[in-house]
Structure formats: C-alpha cells, structure tokens
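Colleague: no sequence on this one, just coordinates:
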Ligand code: MLT
C-alpha cells in the first residue's frame, strides 16, 4: 500500500490526532530546526523544547549547574537572561558539547509540541534534508510534514524544504502518494526554486521569516540555513523523556 505524504502548511491546519500512527517531520528552516541540527551536530547532549520562556527557565533549573544552557528567541532576539539566542552559528562545540540545551522559540518549539501525537517526531531543515528523506524511506506509515510558519503565517522556506524532502522520497523509489494538494504545492515550489542555491537563498530572504531576520540584523543566518545537506544527522523528539536527540533507524 502506498504511503501518504501530507504537507501541513501551518501547525493549526491539522488536529494532533490526525498524526497518530504516522511519522511527523517538523520544519522551521528559519531557524529553530536548523539551530537544533547544528547544536546536536556540535555535540550537545540533547535539546529540550519548551513552548514558553518561563517553562524553559523552570526546566533548566532542575539540571545540575554547568550542565545546561538556555537557548531561544522572541522576536528573533535572544531572550533576556538566556545563554544563547537562536542563531545556528552560536551553537558551536566550544559552547554546547555535552550540554543539555533547554530551548524556547516563537514558532518552532511550539510546532514540535503540536506534533507530539505522531508515532515518531523527526526534526528537519534544508541542511539535513537528504538524511531526513533517507530515514523516512526506511519507515512505514504516513508522512506528515509540519511547517512551523512564522507568527501564524505560512512561510515559503518551510514549504520549500518539505517539497525537497518529498521529492527525494519519490526519487528513492518508494511507493509514496503525494497527491495531497499542499504536497503538490510544496513539490512545485521546490522544483521551481529549490534546486539552485542562489534561487533558494532568494526565496528565503524574501519570505516573512527572512525579512524578520534581516530587520533584526541577523540576515547572515539565512545563508547558513539555505545550504542543503550539510549534515547527515536527523534529530528526533522522544516523547517519553521529552528530549531531542540524534535519531537512529529503527528495526
Ligand atoms: C521560531 O521558532 O519562531 C524561529 O526559529 C524564529 C527565529 O528565527 O528566531
């Protein structure tokens, strides 16, 4: 039986129960999921996603001093009193190796919380899209791409990334049903402007999320997040421990 592929253009456009039995892939290219991939690739022990800033502070104080870092943003900028903002480049091994990162961002971590009902919750961005496709190809059941969006609005970069991963699934030769209209939109967007770095960069810069970052003086992060396949890891949110760690294929 073919596996259905759904692209949810915003987290509010599905009910959490719709994801039961499927694999969710949460995407927030600018920048939460790109940053989480950087953090784990740099040796962070895990990332704990929190919807609210106060909750993140409460979770962080429960860990022994020196083992935890608070990261995230509001309005794109580092939260007062947090150790790190939401720029991928801040999460280098010198700062994060061996550390537990408690993170709260405006859209990305909230999208993860909404996706928690899926059988598996994977974390993807352009920088790990081939690895994410490879992992999905080894899985079973429906695939649900959850685009985080920006402040309740659809953002092109998340849709572009979903389209790129969906395209790779098709190329991998598996039996995937991509007839869902939003999936077709995402595939068309990727075909039109995702396969060329400069075009993709232009899309990211012109999107709502990209414009917000440039307004905050954080435009250099966009080029970092636009580079496809820099990393071969796929983070996964484990519901029982509520930690994001590097995933492995499951038998
Ligand atoms: C978010 O989760 O809202 C984003 O990652 C925003 C940002 O780029 O900082």
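Modeller: On my side now, so go ahead. In this text, all values refer to a predicted model and were calculated from it rather than measured experimentally. Numbers count the residues shown, from 1 in each chain.
Colleague: quick one: the residue nearest to residue 184 when sequence neighbours are not counted from residue 232, how far?
Modeller: Leaving aside its chain neighbours, residue 184 sits nearest to residue 178 (6.9 Å; criterion: Cβ to Cβ, 6 or more residues apart in numbering). Where C-beta positions appear, they are placed from N, C-alpha and C, glycine not excepted. Separation of residue 178 from residue 232 (Cβ to Cβ, to the nearest Å): 24 Å.
Colleague: Could you do residue 22 as well?
Modeller: In terms of Cβ to Cβ, residue 22 sits 24 Å off from residue 232.
Colleague: next helix or strand past the helix ranked longest in the chain?
Modeller: In the chain, taking DSSP state H as the definition, the longest helix is helix 156-171. Counting by DSSP states H and E, the next helix or strand C-terminal to helix 156-171 is strand 176-177.
Colleague: ok, then the element right after that next one?
Modeller: helix 181-193.
Colleague: For that next one, name the packing helices and strands.
Modeller: When contacts are defined as 3 or more Cβ pairs under 8 Å, 6 or more residues apart in numbering; DSSP states H and E, helix 181-193 sits against strand 3-8, helix 156-171, helix 197-206.
Colleague: for those, which one ends up most surrounded?
Modeller: helix 156-171 (a mean of 25; mean count of other Cβ atoms under 10 Å).
Colleague: where do the strands sit along this structure?
Modeller: Taking DSSP state E to define them, one finds strands in the chain at 3-8, 23-27, 46-49, 68-74, 77-78, 100-104, 120-124, 143-147, 176-177, 235-238, 243-246.
Colleague: thinking again about what came up before, which of residue 22 and residue 232 has more residues huddled nearby?
Modeller: residue 22 (22 against 10; other Cβ atoms under 10 Å).
Colleague: for that one, phi and psi?
Modeller: phi -100, psi 180 (degrees, to the nearest 10).
Colleague: OK, contacts around it?
Modeller: For residue 22, the contact set (Cβ atoms under 8 Å, 6 or more residues apart in numbering) comprises 118, 119, 141, 142, 143, 144.
Colleague: Counting neighbours, what do you get for the second one?
Modeller: Around residue 119 there are 15 other residues, counting by other Cβ under 10 Å.
Colleague: for the fourth one, same thing?
Modeller: By the other Cβ under 10 Å criterion, the neighbourhood of residue 142 contains 21 residues.
Colleague: same thing with the fifth one?
Modeller: Burial measure for residue 143: 28 neighbouring residues, criterion other Cβ under 10 Å.
Colleague: quick one: the residue nearest to it when sequence neighbours are not counted and the ligand, what's the gap?
Modeller: Nearest residue to residue 143, sequence neighbours excluded (Cβ to Cβ, 6+ apart): residue 5, at 4.8 Å. The gap separating residue 5 from the ligand is 24 Å, by Cβ to the nearest ligand atom, to the nearest Å.
Colleague: contacting residues for residue 243?
Modeller: Residue 243 touches 46, 47, 48, 100, 237, counting by Cβ under 8 Å, 6+ apart.
Colleague: And those, which is closest to the ligand?
Modeller: Nearest to the ligand, judged by Cβ to the nearest ligand atom, of those is residue 47 at 12.5 Å.
Colleague: For the residue nearest to that closest one when sequence neighbours are not counted, which residues are in contact?
Modeller: Spatial nearest neighbour of residue 47, excluding adjacent residues (Cβ to Cβ, 6+ apart): residue 244 at 4.2 Å. By Cβ under 8 Å, 6+ apart, residue 244 lies in contact with 36, 40, 46, 47, 48, 49, 112, 123, 235, 236, 237, 238.
Colleague: Residue 149 is in contact with residue 10, isn't it?
Modeller: Yes. When contacts are counted by Cβ atoms under 8 Å, residue 149 is listed as touching residue 10 (4.5 Å).
Colleague: Pick out whichever of those two has more residues nearby.
Modeller: residue 149 (25 against 20).
Colleague: pLDDT score for the more buried one?
Modeller: For residue 149, the model assigns a pLDDT of 97.
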